[in-house]
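> pasting the sequence and the predicted coordinates here, then a few questions.
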Amino acid sequence: MSNRLIFLGPPGAGKGTQAQRVSESNNLLHLSTGDLLRAEVKSESELGKQISVVMNSGELVSDELVLSIVESKLVSKNSGWLLDGFPRNVTQAEALQSLLEKINQPVELVIFLEVNDELLLHRLIARGRADDNEEVIRNRLKVYREKTAPLVQHYTDQGILKSVKGDGSIESIETLIQAILV
Ligand code: AMP
């Protein structure tokens, strides 16, 4: 069973939902950079205020900040993890790779959740998070296409990416993912 995983996909693909379920069923650490950043915003720290401005525009927060968050969590954990919302661009993917080489824990599998744009928009508008108004959603999709989507090719080239159609029910998608892991 693969137990060092990345969930990749556009905003609204269901990464968070599936990552939570799959990590619970397989006893993996679920590391969502979006959740960790939202927790920092909620704490109303000075850093949280700066992060909130970036998140509410749909842009990415700095690689440096996100990398330091991930590094602190991963280094202390060696029994399996699932990264959700990270890496978000090629710089982050390369930094992750060198960190994982250092601790001798390479990524085993990247699961790419595929969902068409129409369904993504529908899901994001229905979700109603602070950064889910229409203008910000459009920007998040643009940022995804420009910065994150190239990771699909990046991990395909490494031979570790598998695609899952993310347009069924929550349970049916989870079943598809679980079948790939074993
Ligand atoms: P998410 O919950 O994954 O949709 O992330 C929400 C927002 O948090 C994104 O639009 C970014 O502003 C920020 N964010 C989350 N993960 C990252 C990351 N790996 N790198 C940069 N920004 C991120």
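Right, received. Where do you want to start? Residues are numbered from 1 along each chain as shown.

> what are the phi and psi angles of the nearest residue to residue 100 once chain neighbours are set aside?
Sequence neighbours aside, residue 106 is the residue nearest to residue 100 in space, at 5.4 Å (criterion: C-beta to C-beta, 6 or more residues apart in numbering). Backbone N, C-alpha and C define where each C-beta goes, glycine included. Backbone torsions of residue 106, given as degrees, to the nearest 10, read phi -60, psi 150.

> please enumerate the strands of this structure.
4-8, 29-32, 81-84, 109-114, 161-165 (DSSP state E).

> is stretch 33-53 positioned near the ligand?
Yes - Stretch 33-53 reaches the ligand (C-beta under 6 Å from any ligand atom) through 33, 34, 37.

> now find how far off-centre that stretch is within its chain.
Relative to the mean C-alpha coordinate of its chain, stretch 33-53 is positioned 17 Å out (C-alpha atoms, centre = their mean, to the nearest Å).

> and that stretch, end to end?
End-to-end distance of stretch 33-53 (C-alpha to C-alpha, to the nearest Å): 16 Å.

> can you list contacts of it?
By C-beta atoms under 8 Å, 6 or more residues apart in numbering, the residues outside stretch 33-53 that reach it are 16, 55, 61, 65-66, 69-70, 73, 83-86, 88.

> sorry, back to before: using CSV, lay out the strands of the chain together with distance to residue 176, mean neighbour count and mean pLDDT.
Listed next are the strands of the chain as CSV, based on distance: least, C-beta to C-beta, whole Å; neighbours: other C-beta atoms under 10 Å; pLDDT from 0 to 100:
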stretch, distance to residue 176, mean neighbour count, mean pLDDT
strand 4-8, 13, 25, 97
strand 29-32, 19, 19, 96
strand 81-84, 16, 24, 97
strand 109-114, 9, 21, 98
strand 161-165, 5, 17, 98
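
> residue 172: which of these is closest?
Proximity to residue 172, assessed across those by C-beta to C-beta, is greatest for strand 161-165 (9.4 Å).

> any idea how many residues pack against whatever residue of the chain ends up closest to the ligand?
When scored by C-beta to the nearest ligand atom, the chain has residue 34 as its residue closest to the ligand, at 2.0 Å. Using other C-beta atoms under 10 Å, residue 34 has 18 other residues around it.
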